[in-house]
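Peer 1: Sequence first, predicted coordinates after that:
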Amino acid sequence: MEIQKYTLEKSTADKLERIAYILKTVAHPLRLGIVHLLEKHEQLSVSEICEILGAEQSLISHHLQTLRLKGILSSQRDGKSVFYFLKEKDVSKIITCLENCQPI
């Protein structure tokens, strides 16, 4: 049996690279929790996210910074508070798709 060589078009390869990048970025339960919260709320402060997820501020801040630096979230300062919101809305579509996958 001969195996045919398959080459991806550049645009397809670029899309797959972006998907892999997003999946690697959100591949942590707390990061997924943060994205899930921000799907339901337009924006939340660090303290609100900590309270809802029941995690320490230093840990949440670390994950928020990672998500922000990778382009998934944006932030806005209002006085002493920093509010986070989803910048990359398509992340929600990927997560919804994965939530609907049936276990094997």
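Peer 2: Cool, the structure landed.
Peer 1: Only C-alpha atoms from now on, for both contacts and neighbour counts.
Peer 2: Fine.
Peer 1: Chain neighbours aside, what residue packs nearest to the residue nearest in space to the middle of the chain?
Peer 2: Relative to the mean C-alpha position of the chain, the nearest C-alpha, by Cα atoms, centre = their mean, is the one of V26, at 4.3 Å. Nearest residue to V26, sequence neighbours excluded (Cα to Cα, 6 or more residues apart in numbering): L32, at 5.7 Å.
Peer 1: burial of the one you found, as a residue count?
Peer 2: L32 has 17 neighbours, counted by other Cα atoms under 10 Å.
Peer 1: gap between it and G79?
Peer 2: L32 is 27 Å from G79, where distance means Cα to Cα, to the nearest Å.
Peer 1: Over to A20?
Peer 2: Distance, A20 to G79, by Cα to Cα: 36 Å.
Peer 1: and stretch 8-24, which residues are buried?
Peer 2: Residues of stretch 8-24 classed as buried under the neighbour-count rule (16 or more other Cα atoms under 10 Å) are I22.
Peer 1: again with stretch 87-103
Peer 2: V91, S92.
Peer 1: Only alpha carbons, please: show that stretch as CSV.
Peer 2: The C-alpha trace of stretch 87-103 is given here as CSV (Å, rounded to 0.1, in the frame of the first residue of the first chain):
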residue,chain,number,x,y,z
LYS,A,87,-10.2,39.7,23.7
GLU,A,88,-10.2,36.5,21.6
LYS,A,89,-13.9,35.7,21.4
ASP,A,90,-13.3,32.6,19.2
VAL,A,91,-11.8,30.8,22.3
SER,A,92,-15.4,30.4,23.5
LYS,A,93,-16.3,28.5,20.3
ILE,A,94,-13.4,26.1,20.7
ILE,A,95,-14.3,25.4,24.3
THR,A,96,-18.0,24.9,23.5
CYS,A,97,-17.0,22.5,20.7
LEU,A,98,-14.8,20.5,23.1
GLU,A,99,-17.5,20.5,25.8
ASN,A,100,-19.8,18.9,23.3
CYS,A,101,-17.4,16.1,22.4
GLN,A,102,-18.7,12.7,23.4
PRO,A,103,-16.3,10.5,25.5
